[in-house]
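Trainee: no letters, just coordinates:
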């Protein structure tokens, strides 16, 4: 049995420490306006203290462009020629929706609805939205082509990742651990921890295997309304912050209030080697809102034979 202090678990829901890429993904996208009256109002996903720009082909009329019911939640709306700048003072609540009506100098009115980003890992914050009324303009066609290529590249990347994971021993082991089938794996439990922050209860296990280390989180969402989901996981060397691969599996995509779920992570022993020397690793779990929910420091003694 390893010494109890060979690993360290800390729950940090109040922490504002973000990985460099852990704020909601900033996105530039295009919107092609439709003249069909039944089309839904376009949604704009905004985040507190992040500027979102609506960019149009023609100049915007600042006197007729307005936010509705925005007081105390956004900075005053700003119009710069063909651009509208929006900046929430803080994150919008899940049920908040703020209407915006943009009027162009040619009399065209375009309605939008400001919404907070979702809690899923594929959610984003709009950094810029290019709005096109003339679908046949060169700029509109170019934007539509880039959007299609971006979606295609994302699908290709996702399919390649799924195929790689299907053949990955570490992902297979993580799947077994997530379902509780520890006896079917080469791992044994060497440490246990638990923590609670008011919204989430966590029971954690650190497991040791042949040249591999695993961490299993059993989570219970005790929040009254907010579902819990993992936004991302990050494994880095403790000294130099170098990214390392980690296999991840979970029993559920989202944990409803009152519900429970399991996250399992498997780390290959090679991840502990940095510049030819063994080093400690830091496994960080970020929840739906980008906050760091928990971290585990893994000592290289875990892979010692």
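Mentor: The structure has been received and is ready for your questions. All figures in this text were calculated on a predicted structure; none of them were measured in a lab. Numbering: from 1, shown residues only.
Trainee: where does the protein have low pLDDT?
Mentor: For the chain, residues meeting the criterion pLDDT under 70 lie at 1-26, 34-40, 119-123, 134-167, 304-305.
Trainee: how is it carved up into domains?
Mentor: Split into domains by automatic domain parsing, the chain comes to 4-20+169-303, 34-132.
Trainee: helices along this structure, start to end?
Mentor: Along the chain, counting by DSSP state H, helices occupy 138-166, 169-178.
Trainee: among the domains of the chain, which is nearest residue 27?
Mentor: domain 34-132 (4.2 Å; CB to CB). Yep, even glycine has a C-beta here, placed from its N, CA and C like the rest.
Trainee: neighbouring contacts of stretch 250-265?
Mentor: 119-120, 174-175, 177-180, 214-230, 233, 235, 246-249, 283, 285 (CB atoms under 8 Å, 6 or more residues apart in numbering).
Trainee: what about those, which are in strands?
Mentor: Cross-referencing the contacts of stretch 250-265 against strands under DSSP state E gives 214-221, 230, 233, 235, 247-249, 283, 285.
Trainee: state the distance from the closest residue in space to residue 246 that isn't next to it in sequence to residue 205.
Mentor: Once flanking residues are discounted, residue 246 sits nearest to residue 235: 4.2 Å by CB to CB, 6 or more residues apart in numbering. Distance from residue 235 to residue 205, counting by CB to CB, to the nearest Å: 17 Å.
Trainee: which of the ones in strands among the contacts of stretch 250-265 are buried? Put it as a PyMOL command.
Mentor: Buried residues among these (16 or more other CB atoms under 10 Å), as a PyMOL selection:
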select buried, resi 214+215+216+217+218+219+220+221+230+233+235+247+248+249+283+285
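Trainee: tell me the one of the ones in strands among the contacts of stretch 250-265 nearest residue 52?
Mentor: residue 230 (25.6 Å).
Trainee: ok, the closest one - contacts?
Mentor: Taking CB under 8 Å, 6+ apart, we find residue 230 in contact with 121, 250, 263, 285-288, 293.
Trainee: how many neighbours does the residue nearest to residue 84 when sequence neighbours are not counted have?
Mentor: Nearest non-adjacent residue to residue 84, counting by CB to CB, 6+ apart: residue 54, 4.2 Å away. Using other CB atoms under 10 Å, residue 54 has 24 neighbouring residues.
Trainee: what sits against residue 54?
Mentor: 44, 83-84, 86, 102, 112, 128-129, 131 are the contacts of residue 54 under CB under 8 Å, 6+ apart.
Trainee: identify the bridge partners of it.
Mentor: residue 84, residue 129 (DSSP bridges).
Trainee: distance of it from residue 61?
Mentor: Applying CB to CB, the value for residue 54 to residue 61 is 13 Å.
Trainee: count of neighbours near the nearest residue to residue 287 once chain neighbours are set aside?
Mentor: Leaving aside its chain neighbours, residue 287 sits nearest to residue 293 (4.3 Å; criterion: CB to CB, 6+ apart). Using other CB under 10 Å, residue 293 has 25 other residues around it.
Trainee: what do you get for residue 85?
Mentor: As a burial measure, residue 85 scores 14 neighbours (other CB under 10 Å).
Trainee: hmm, it is touching residue 51, no?
Mentor: Yes. Residue 85 is within contact range of residue 51, at 5.8 Å (criterion: CB atoms under 8 Å).
Trainee: quick one: the residue nearest to residue 204 when sequence neighbours are not counted from residue 259, how far?
Mentor: If you skip the residues right next to it in sequence, residue 204 has residue 193 as its closest partner in space, 4.6 Å away by CB to CB, 6+ apart. Distance of residue 193 to residue 259, given as CB to CB: 21 Å.
Trainee: so which of these two has more stuff around it?
Mentor: residue 193 (19 against 14).
Trainee: residues near residue 209, how many?
Mentor: For residue 209, the number of neighbouring residues by other CB under 10 Å comes to 19.
Trainee: is it true that it touches residue 187?
Mentor: Yes. Counting by CB under 8 Å, residue 209 does reach residue 187; the two are 4.3 Å apart.
Trainee: mutual contacts of these two, please.
Mentor: In contact with both residue 209 and residue 187: residue 173, using CB under 8 Å, 6+ apart.
Trainee: please name the nearest non-neighbouring residue to residue 272.
Mentor: Nearest to residue 272 is residue 300, by CB to CB, 6+ apart, at 4.6 Å.
Trainee: so what's residue 125 bridging to?
Mentor: Counting by DSSP bridges, residue 125 forms beta bridges with residue 26.
Trainee: doesn't residue 117 make contact with it?
Mentor: Yes. If you go by CB under 8 Å, residue 125 and residue 117 touch, sitting 5.3 Å apart.
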